[in-house]
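Engineer: Compute the structure for the input listed below.
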Amino acid sequence: EDQDRIEVAYDALAAGQAQAAIAALEAERDRNPGEPAVLINLGSAYFQAGRYEDARLAFEAARTSSTRYELELADGSWADSRMIAQTALQRLSPELLASR
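Structural biologist: Residues are numbered from 1 along each chain as shown. This next block holds a predicted model:
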(Lines give C-alpha, C1' and ligand atoms only; values in the text may rest on other atoms or scores of the structure.)
Protein backbone atom coordinates (compact mmCIF):
# COMPACT_ATOMS: atom_id res chain seq x y z
CA GLU A 1 0.00 0.00 0.00
CA ASP A 2 1.34 3.43 -0.95
CA GLN A 3 0.69 5.62 2.08
CA ASP A 4 2.32 8.60 0.37
CA ARG A 5 -0.30 8.60 -2.37
CA ILE A 6 -2.44 11.72 -2.37
CA GLU A 7 -6.04 11.65 -3.56
CA VAL A 8 -6.44 14.25 -6.30
CA ALA A 9 -9.82 13.02 -7.66
CA TYR A 10 -8.54 13.10 -11.24
CA ASP A 11 -11.06 10.58 -12.56
CA ALA A 12 -14.05 12.33 -10.95
CA LEU A 13 -12.90 15.70 -12.27
CA ALA A 14 -12.28 14.36 -15.78
CA ALA A 15 -15.77 12.81 -15.75
CA GLY A 16 -17.33 16.13 -14.69
CA GLN A 17 -18.39 14.69 -11.32
CA ALA A 18 -17.74 17.89 -9.38
CA GLN A 19 -19.56 16.93 -6.18
CA ALA A 20 -17.75 13.58 -5.89
CA ALA A 21 -14.43 15.33 -6.53
CA ILE A 22 -15.19 18.03 -3.94
CA ALA A 23 -16.02 15.44 -1.28
CA ALA A 24 -12.80 13.48 -1.91
CA LEU A 25 -10.62 16.58 -2.18
CA GLU A 26 -12.00 18.33 0.91
CA ALA A 27 -11.25 15.17 2.92
CA GLU A 28 -7.73 15.02 1.45
CA ARG A 29 -7.17 18.73 2.12
CA ASP A 30 -8.07 18.12 5.77
CA ARG A 31 -5.40 15.36 5.91
CA ASN A 32 -2.80 17.32 3.89
CA PRO A 33 -3.37 21.07 4.32
CA GLY A 34 -1.36 23.18 1.89
CA GLU A 35 -0.91 20.31 -0.60
CA PRO A 36 -0.82 22.12 -3.99
CA ALA A 37 -2.17 19.29 -6.16
CA VAL A 38 -5.15 18.86 -3.85
CA LEU A 39 -5.84 22.59 -3.69
CA ILE A 40 -5.55 23.07 -7.46
CA ASN A 41 -7.92 20.19 -8.22
CA LEU A 42 -10.27 21.33 -5.45
CA GLY A 43 -10.34 24.76 -7.09
CA SER A 44 -11.14 23.11 -10.41
CA ALA A 45 -13.93 21.05 -8.82
CA TYR A 46 -15.41 24.15 -7.16
CA PHE A 47 -15.22 25.92 -10.52
CA GLN A 48 -17.08 23.03 -12.22
CA ALA A 49 -19.75 23.32 -9.51
CA GLY A 50 -20.09 27.08 -10.04
CA ARG A 51 -18.58 27.86 -6.63
CA TYR A 52 -16.30 30.59 -7.97
CA GLU A 53 -15.34 32.21 -4.65
CA ASP A 54 -14.42 28.81 -3.16
CA ALA A 55 -12.42 28.13 -6.33
CA ARG A 56 -10.55 31.42 -5.96
CA LEU A 57 -9.70 30.64 -2.33
CA ALA A 58 -8.41 27.16 -3.20
CA PHE A 59 -6.24 28.43 -6.07
CA GLU A 60 -4.93 31.26 -3.87
CA ALA A 61 -4.03 28.74 -1.15
CA ALA A 62 -2.12 26.65 -3.71
CA ARG A 63 -0.34 29.74 -5.05
CA THR A 64 0.83 30.81 -1.60
CA SER A 65 1.49 27.33 -0.17
CA SER A 66 4.94 26.76 1.32
CA THR A 67 4.93 23.46 -0.60
CA ARG A 68 5.92 23.81 -4.25
CA TYR A 69 6.80 21.28 -6.92
CA GLU A 70 6.28 20.27 -10.53
CA LEU A 71 2.88 18.77 -11.34
CA GLU A 72 1.85 16.75 -14.36
CA LEU A 73 -1.03 18.36 -16.23
CA ALA A 74 -3.85 16.53 -18.00
CA ASP A 75 -2.06 16.97 -21.35
CA GLY A 76 1.06 15.24 -20.00
CA SER A 77 3.14 18.40 -19.67
CA TRP A 78 4.72 19.48 -16.38
CA ALA A 79 4.55 22.86 -14.66
CA ASP A 80 5.33 24.52 -11.33
CA SER A 81 2.40 24.26 -8.88
CA ARG A 82 2.45 27.99 -8.10
CA MET A 83 2.38 28.88 -11.79
CA ILE A 84 -0.56 26.50 -12.35
CA ALA A 85 -2.44 28.14 -9.47
CA GLN A 86 -1.62 31.64 -10.76
CA THR A 87 -2.84 30.74 -14.27
CA ALA A 88 -6.03 29.29 -12.79
CA LEU A 89 -6.62 32.51 -10.84
CA GLN A 90 -6.18 34.58 -13.99
CA ARG A 91 -8.66 32.40 -15.87
CA LEU A 92 -11.09 32.60 -12.96
CA SER A 93 -11.15 36.39 -12.78
CA PRO A 94 -13.60 36.91 -15.69
CA GLU A 95 -15.92 34.28 -14.18
CA LEU A 96 -15.91 36.10 -10.86
CA LEU A 97 -16.74 39.37 -12.57
CA ALA A 98 -19.49 37.79 -14.62
CA SER A 99 -21.10 36.20 -11.57
CA ARG A 100 -21.65 39.48 -9.77
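Engineer: thinking residue 55 is in contact with residue 92, fair?
Structural biologist: Yes: with contact defined as Cβ atoms under 8 Å, residue 55 counts as touching residue 92 (5.9 Å). Heads up, the C-betas are built off the backbone N, CA and C, glycines and all.
Engineer: quick one: the strands in this structure?
Structural biologist: With strands called from DSSP state E, the chain shows them at 70-72, 78-80.
Engineer: Name the residues of the helix ranked longest in the chain that are buried.
Structural biologist: Assignment by DSSP state H gives helix 81-98 as the longest helix of the chain. Using 16 or more other Cβ atoms under 10 Å as the test for burial, helix 81-98 gives 81, 82, 84, 85, 88, 89, 92.
Engineer: Then stretch 70-82?
Structural biologist: Within stretch 70-82, the residues that count as buried by 16+ other Cβ under 10 Å are 71, 81, 82.
Engineer: What of stretch 14-23?
Structural biologist: For stretch 14-23, burial by neighbour count (16+ other Cβ under 10 Å) applies to 17, 18, 21, 22.
Engineer: So what's the gap between stretch 40-47 and the chain middle?
Structural biologist: 4 Å (Cα atoms, centre = their mean, to the nearest Å).
Engineer: distance of the residue nearest to residue 26 when sequence neighbours are not counted from residue 55?
Structural biologist: Spatial nearest neighbour of residue 26, excluding adjacent residues (Cβ to Cβ, 6 or more residues apart in numbering): residue 42 at 6.8 Å. In this view, residue 42 and residue 55 are 8 Å apart by Cβ to Cβ, to the nearest Å.
Engineer: Just list the residues touching residue 59, thanks.
Structural biologist: Contacts for residue 59 (Cβ atoms under 8 Å, 6 or more residues apart in numbering) come out as 39, 40, 43, 85, 88, 89, 92.
Engineer: Give me the common contacts of residue 55 and residue 92.
Structural biologist: What both residue 55 and residue 92 touch, as defined by Cβ under 8 Å, 6+ apart, is the set 43, 47.
Engineer: what bits of the protein have low per-residue confidence?
Structural biologist: 1-4, 95-100 (pLDDT under 70).
Engineer: Save the strands of the chain as CSV, and put in distance to residue 11 too.
Structural biologist: Output for these, formatted as CSV (distance: least, Cβ to Cβ, whole Å):
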stretch, distance to residue 11
strand 70-72, 15
strand 78-80, 20
